[in-house]
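**Q** Prediction below, plus the sequence it came from.
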Amino acid sequence: MGFLDGILGRSKPPEADLDVLFSVPQAVISMQLEGFTPTGSGSVCFRDVEGQADDVAMADAEKIIASSPGSTVTRSDDRFGFHWLTVTRADADVSGLVTDLHAVNSSLADTGFGTALLCSTVVFTTPAGTPFGLVYLYKRGTFYPFAPDGGERRDNALELQVRGVIASDVPVESDLTKWLAIWGAPGLG
Amino acid sequence: MARSRFRGDRGLTLRMGGVGFGLGALYVIFGVILTQTALGAFGIVIVLAIAWGQWYFSDSLALKSMNAKVVEPHQAPELHAMIDRLCALADMPKPRVAVAVTDLPNAFATGRTPNHSAVCVTTGIMQRLDADELEGVLAHELSHVANRDVTVMTVASSLGLLAGFITRYGMYFGGMFSGGRDRNNNNGGPAFIVVFLVSLLVYAVSFVLIRGLSRYRELSADRSGAYLTGRPSKLSSALVKISGDMARIPNKDLRDSQAMSAFFFAPAISRESIGALFSTHPPLQQRLDNLAKVSAELSEQG
């Protein structure tokens, strides 16, 4: 929110930056060179808003994904009041996945819920076989790695290593305190 | 073209702008009158120093006055996690988190900029509200931080502070600054009386304007908080729960929190005892109506 907005009391929450997602396929190639395998699934996390309008918007987004061949979509909710829409592509094609995620985001933004978008994830498997997520923060337009290590622990060393790998492909979040964990996210639990 | 669910409250913005302009005009006029006399210039320097000190140390001062202790994430994990999520949604830096041990249910936020701010909740409010309601209250407080309300209100009230200072202490300093050496000089006395009367008038007018500004900013923070969480009804129910409880708590607790009243979530002084014109918070019904409008905007389909 700008300085003038604050002074005059214009209350709008910040908008989501949707286009940066398209730089993900480049990062995926770099990660594949390090032995990471994309699972072909990714999710969009957005705030549950009062009333039915967001459920209607979610249902429309699901219909769009279901209509594109090779993609399936499932819906889940977490205990913090956020919805997750998980898209899975059978052929593990990351560009197609990113296009699908962008379609979901645009559909939500068009119905006025752009400000409810929190983050997006693209799920990988590490060389050791554990789950790994590349998390995108809409409000900051930056990415960060998330490597759950059993229970509620993170493999910070691996995350910092991946930061080095993808730094030239996508904008990585420079403030480490913003690398928030998403325990129990679809594909990363 | 993407649709926006955010309807600006034009009336609120205009009223806030109007009050701000009124205060600004009052500043200029009062400042011009004051600098005509040495007393006025002296007053300006002292009061600006005090106001600056209050503003600069606002977060530490506020926490100390409520005897609040800063909590680390491992001491209050759920509270910290809630604030983390809200700050991610609002794209703002995370304030210091503090807890005050008291049965009085309330929450406040303070700090000169979003990077030097603190949010405090009482143990009373954490016991009374469920997770969603507490989240609504925290979103309201974080909006105060994001809107830089401490800075705005300090700037606005330094004028009143200056006028009050002159009204209160002018008597003692007036003799020192006016008509000193020349026994035949009669200009000192009347000039001082003029400054004194003008200060009294300015103090009265600015008092009313500042209270009005405080009410509008509370409504604005309610709206921001509601849009942030997407759940205005939870914020409404939190307001109702807290306001009901406040009226039952004995007077001696309420008076202890008098100085902090302007930054509280719900007014710590009960509405019946102070006229609506002087209240720092809008009436409960107005806040609930405001939130109901936001709820309708968010639920619109088609």
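**A** Right, received. Where do you want to start?

**Q** how about the strands in the chain?
**A** Picked chain A for this. If you assign secondary structure with DSSP state E, the strands in chain A sit at A:37-47, A:71-77, A:82-89, A:117-125, A:131-137, A:142-146.

**Q** switch to chain B, that's the one I care about
**A** Using DSSP E, the strands of chain B run over B:68-70, B:96-100, B:107-111, B:117-122.

**Q** Who are the packing partners of the second one?
**A** The reference is to strand B:96-100. Contact here means 3 or more C-beta pairs under 8 Å, 6 or more residues apart in numbering or on different chains; DSSP states H and E; on that basis strand B:96-100 packs against strand B:68-70, helix B:77-90, strand B:117-122, helix B:123-128. Yep, even glycine has a C-beta here, placed from its N, CA and C like the rest.

**Q** Now for A:M58: which residues touch it?
**A** If you count contacts by C-beta atoms under 8 Å, 6 or more residues apart in numbering or on different chains, A:M58 has them with A:75, A:83, A:85, A:108.

**Q** Ignore what I typed, I meant A:L188.
**A** By C-beta under 8 Å, 6+ apart, the neighbours of A:L188 are A:121, A:123, A:131-133, A:146, A:148, A:182.

**Q** Phi first, then psi, for it.
**A** When quoted as degrees, to the nearest 10, the phi and psi of A:L188 stand at phi -120, psi 10.

**Q** pLDDT at it, what is it?
**A** Reading off the confidence values, A:L188 has pLDDT 85.

**Q** Centroid-nearest residue for chain A?
**A** Central residue of chain A (C-alpha atoms, centre = their mean): A:S120, 0.9 Å from the mean position.

**Q** A:L101 is in contact with that residue, correct?
**A** Yes - between A:S120 and A:L101 there is a contact at 5.8 Å, judged by C-beta atoms under 8 Å.

**Q** what is in contact with the two at once?
**A** A:21, A:42, A:44.

**Q** Just put the residues you listed in TSV and tack on neighbour count and pLDDT.
**A** Rendered in TSV, the data for the shared contacts of A:S120 and A:L101 read as follows (neighbours: other C-beta atoms under 10 Å in any protein chain shown; pLDDT from 0 to 100):
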residue	neighbour count	pLDDT
A:L21	23	87
A:G42	28	93
A:V44	26	93
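
**Q** would CSV of the residues you listed with distance to B:L14 be doable?
**A** Formatted as CSV, the entries for the shared contacts of A:S120 and A:L101 read as follows, by distance: C-beta to C-beta, whole Å:
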residue, distance to B:L14
A:L21, 39
A:G42, 45
A:V44, 38
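
**Q** burial measure for B:I29, as a count.
**A** Burial of B:I29 is recorded as 12 neighbouring residues (other C-beta atoms under 10 Å in any protein chain shown).

**Q** any idea how far B:T122 is from it?
**A** For B:I29, the distance to B:T122 equals 41 Å [C-beta to C-beta, to the nearest Å].

**Q** does the helix ranked longest in chain A come close to chain B?
**A** The helix that spans the most residues within chain A, counting by DSSP state H, is helix A:94-110. Yes - Helix A:94-110 lies within reach of chain B by C-beta under 8 Å from any C-beta of the partner chain, at A:109-110.

**Q** Show me how far that helix is from its chain's centre.
**A** On the basis of C-alpha atoms, centre = their mean, to the nearest Å, helix A:94-110 is displaced by 10 Å from the centre of the chain it belongs to.

**Q** buried ones in that helix?
**A** A:94, A:96-105, A:107-109 (16 or more other C-beta atoms under 10 Å in any protein chain shown).

**Q** Serialize those residues to CSV and add fields for distance to B:L298 and pLDDT.
**A** Formatted as CSV, the buried residues of helix A:94-110 follow (distance: C-beta to C-beta, whole Å; pLDDT from 0 to 100):
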residue, distance to B:L298, pLDDT
A:V94, 34, 89
A:G96, 32, 89
A:L97, 30, 91
A:V98, 29, 91
A:T99, 29, 89
A:D100, 26, 89
A:L101, 24, 90
A:H102, 24, 90
A:A103, 23, 88
A:V104, 19, 88
A:N105, 19, 89
A:S107, 17, 88
A:L108, 13, 88
A:A109, 15, 87
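
**Q** for these, which one is nearest B:V99?
**A** Of all the buried residues of helix A:94-110, the one with the least separation from B:V99 (C-beta to C-beta) is A:L108, at 35.7 Å.

**Q** show me what contacts the closest one?
**A** For A:L108, the residues meeting the contact criterion (C-beta under 8 Å, 6+ apart) are A:44, A:46, A:57-58, A:61, A:114, A:116-117.

**Q** and the helix ranked longest in chain B, average pLDDT?
**A** Across chain B, the longest stretch assigned as helix under DSSP H is helix B:188-229. When pLDDT is averaged over helix B:188-229, the result is 83.

**Q** Contact residues of the stretch 1-150 of chain B facing chain A?
**A** Taking C-beta under 8 Å from any C-beta as the criterion, the neighbours of chain A within the stretch 1-150 of chain B are B:2-6, B:8-9, B:12-13, B:16-17, B:20, B:81, B:84-85, B:88-91, B:94, B:132, B:135, B:143, B:146-148.

**Q** In helices, which of the residues you listed fall?
**A** B:12-13, B:16-17, B:20, B:81, B:84-85, B:88-90, B:132, B:135, B:143, B:146.

**Q** Of these, which is the most crowded?
**A** Tallying neighbours with other C-beta under 10 Å puts B:S143 at the head of those, with 29 neighbours.

**Q** in chain B, which ranges drop under the pLDDT threshold?
**A** By pLDDT under 70, the low-scoring segments of chain B are B:1-7, B:37, B:39-40, B:170-191, B:245-278, B:301-302.

**Q** hmm, try it at 50
**A** In the prediction, chain B carries residues with pLDDT under 50 at positions B:179-186, B:249-255, B:271, B:273-274.

**Q** Which single residue of it approaches chain A most closely?
**A** Nearest residue of chain B to chain A: B:S299, at 2.8 Å (C-beta to the nearest C-beta).
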